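Novice: here is a sequence together with a model predicted from it:
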Amino acid sequence: MTEIESASDLREVAESTQARVRAFLSTTTQVASGAAPGAELSLLLLATSDLLGCGAQLAAMTDVVPAERFEPDAGPDTDVDPLRVALAKMFDGFDDYVEVVDPVLGPEVGHATVSGDLACVVSELTKGLAHYDDGHEIEALWWWQFSYLSSWGERAASALRVLQGVLAHLRLDVEDDVAQEAEYDALHA
């Protein structure tokens with residue numbers, strides 16, 4: 001694990017993390033609002049990939065331990081249901097998927113939704129962001145690290161896999177004559 005030397009190092013990591021969290025939240029909100037027709041899947045794929053890179057950095061660090069052993073109240077939880085509903089409408093036809101619940105512990109299969117996964121990620125990230133915005137940078141970093149390992153990392157990874165799979169199907173599942181025509185055009189261009 002990466003050792004962080006000081007509180008100022010932790011604050012730098014928190015600053016970087018909050019910027020990536022805000023970028024993910026902004027992209028997800030814009031996509032859910034319908035502001036990116038035709039680019040929804042690509043934008044979410046990029047934003048989720050970037051966020052997972054951020055989460056991997058948090059997981060590689062030594063555990064962040066706030067000075068106070070309690071979580072200050074950051075206010076009420078963000079209502080992510082409107083976001084989840086908007087995404088579910090957008091993902092109609094491929095929102096539901098099946099996944100292995102815990103591949104380390106066994107082959108049990110469960111059901112999930114991309115919209116639910118992304119809403120869960122948004123909910124966890126906004127809790128940390130509320131701490132950050134209240135001036136509790138180390139508490140925010142602790143929350144993002146803890147919740148990455150306990151929930152949002154897994155949900156984001158599952159959503160990413162589905163988004164990538166859907167994009168792959170959209171691009172690769174074409175009729176043979178269409179593929180051959182595109183290949184011919186590419187070779188003779």
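Specialist: That came through fine.
Novice: where along this protein do the helices fall?
Specialist: With DSSP state H applied, the chain shows helices at 7-32, 40-60, 81-90, 114-133, 137-147, 153-172, 176-187, listed in chain order.
Novice: those helices: which one's closest to residue 103?
Specialist: When the helices of the chain are compared by C-beta to C-beta, helix 153-172 sits nearest residue 103, at 10.4 Å. To be clear about C-beta, it is placed using only N, CA and C from the backbone, and glycine gets the same treatment.
Novice: returning to that earlier point: between the helices of the chain, which one is closest to residue 97.
Specialist: Closest of the helices of the chain to residue 97 is helix 153-172, at 5.3 Å (criterion: C-beta to C-beta).
Novice: one step back: among the helices of the chain, which is nearest residue 105?
Specialist: Smallest distance to residue 105 across the helices of the chain (C-beta to C-beta): 12.8 Å, for helix 153-172.
Novice: which strands and helices sit next to that closest one?
Specialist: helix 40-60, strand 96-100, helix 114-133 (3 or more C-beta pairs under 8 Å, 6 or more residues apart in numbering; DSSP states H and E).
Novice: got TSV for the helices of the chain, with mean pLDDT, mean neighbour count and distance to residue 75 too?
Specialist: Shown next, in TSV, are these (pLDDT from 0 to 100; neighbours: other C-beta atoms under 10 Å; distance: least, C-beta to C-beta, whole Å):
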stretch	mean pLDDT	mean neighbour count	distance to residue 75
helix 7-32	95	17	16
helix 40-60	97	18	23
helix 81-90	97	17	17
helix 114-133	97	23	6
helix 137-147	95	23	13
helix 153-172	94	17	23
helix 176-187	70	10	53
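Novice: indicate which one of those is closest to residue 107.
Specialist: helix 153-172 (16.0 Å).
Novice: thinking again about what came up before, export the helices and strands packed on helix 153-172 to JSON lines and tack on distance to residue 149?
Specialist: What follows is the helices and strands packed on helix 153-172, written out as JSON lines (distance: least, C-beta to C-beta, whole Å):
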{"stretch": "helix 40-60", "distance to residue 149": "6"}
{"stretch": "strand 96-100", "distance to residue 149": "18"}
{"stretch": "helix 114-133", "distance to residue 149": "11"}
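Novice: export the helices of the chain as CSV, with columns for distance to residue 105.
Specialist: CSV is the format used below for the helices of the chain (distance: least, C-beta to C-beta, whole Å):
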stretch, distance to residue 105
helix 7-32, 28
helix 40-60, 19
helix 81-90, 27
helix 114-133, 20
helix 137-147, 20
helix 153-172, 13
helix 176-187, 41
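Novice: which one of those helices lies closest to residue 66?
Specialist: The nearest among the helices of the chain, by C-beta to C-beta, is helix 137-147 at 4.9 Å.
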